[in-house]
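Trainee: just need the structure, nothing else, for what follows:
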Amino acid sequence: MGRRAQPIQIIKAKGKSHHISKAESDRRKKSEIKIDDKKLRIPDYVKNDVAAYSKWKELVSIYKNIDLVNAFDSGGVARYCKHYAEYLKLLEQKEFVENFEVNWDNYCMQVTAFVEDGVNKFLRMDPIMKLDSLINKKSDILTKLEDRLFLNPVSRLRNVAKKEKEEKDADAYMFGD
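Mentor: Model (predicted):
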């Protein structure tokens, strides 16, 4: 079994392009996947969600002038937007559960205010704990995606292009430099 075919650019970079005919080189160039497209394409599941779509527009405006993101990153950006929308929904659900009150007027018996507060807290405790767990998991996912999509300061600092070191001429002192 032979080796897998390498992209023509890699073969040229290695300096071994003389082993491939011009026709074969042209055929390979046409069949290779192009990654020059910089336009992010929005998936339908993001477009149909209002919160995810607004986050998508915000991110596209951020990425407009950055060369780090291209069309292949659309899936990651879409996942981030969808997770963000789900995170917002979880926060809304938690707020609803925290403010939920039982209407004690519907019940025949008389209940003291102390018992009412205790029952209200008990009814809210389990759902709030479950929602907190889901919110923390969603937050962790968002943080990981932010690192991959260069959306937080730490990830941007890690991915800054390094400056090339200037080579100093050892004999420069002879000419007054």
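
Trainee: going by C-alpha atoms from here, please, whenever you check contacts or count neighbours.
Mentor: Will do.

Trainee: is residue 131 in contact with residue 92, as I believe?
Mentor: No: assessed by C-alpha atoms under 8 Å, residue 131 is found out of contact with residue 92, at 10.2 Å.

Trainee: so for the two, which residue has more residues nearby?
Mentor: Remark: of residue 131 and residue 92, residue 131 carries more neighbours, 17 against 12, as counted by other C-alpha atoms under 10 Å.

Trainee: list the contacts of that one.
Mentor: In this structure, residue 131 makes contact with 90, 93-94, judged by C-alpha atoms under 8 Å, 6 or more residues apart in numbering.

Trainee: nearest residue to the middle of the protein?
Mentor: residue 145 (3.5 Å; C-alpha atoms, centre = their mean).

Trainee: which residue packs closest to that residue, ignoring adjacent ones?
Mentor: Leaving out its chain neighbours, the residue that sits closest to residue 145 by C-alpha to C-alpha, 6 or more residues apart in numbering is residue 80, at 6.2 Å.

Trainee: one more: residue 78?
Mentor: residue 46 (6.4 Å).

Trainee: what mean pLDDT does the helix or strand where the one you found lies get?
Mentor: Residue 46 is part of helix 44-47 when elements are defined by DSSP states H and E. Helix 44-47 comes out with an average pLDDT of 92.

Trainee: how far is that helix from where the chain is centred?
Mentor: How far helix 44-47 lies from its chain's middle: 16 Å, per C-alpha atoms, centre = their mean, to the nearest Å.
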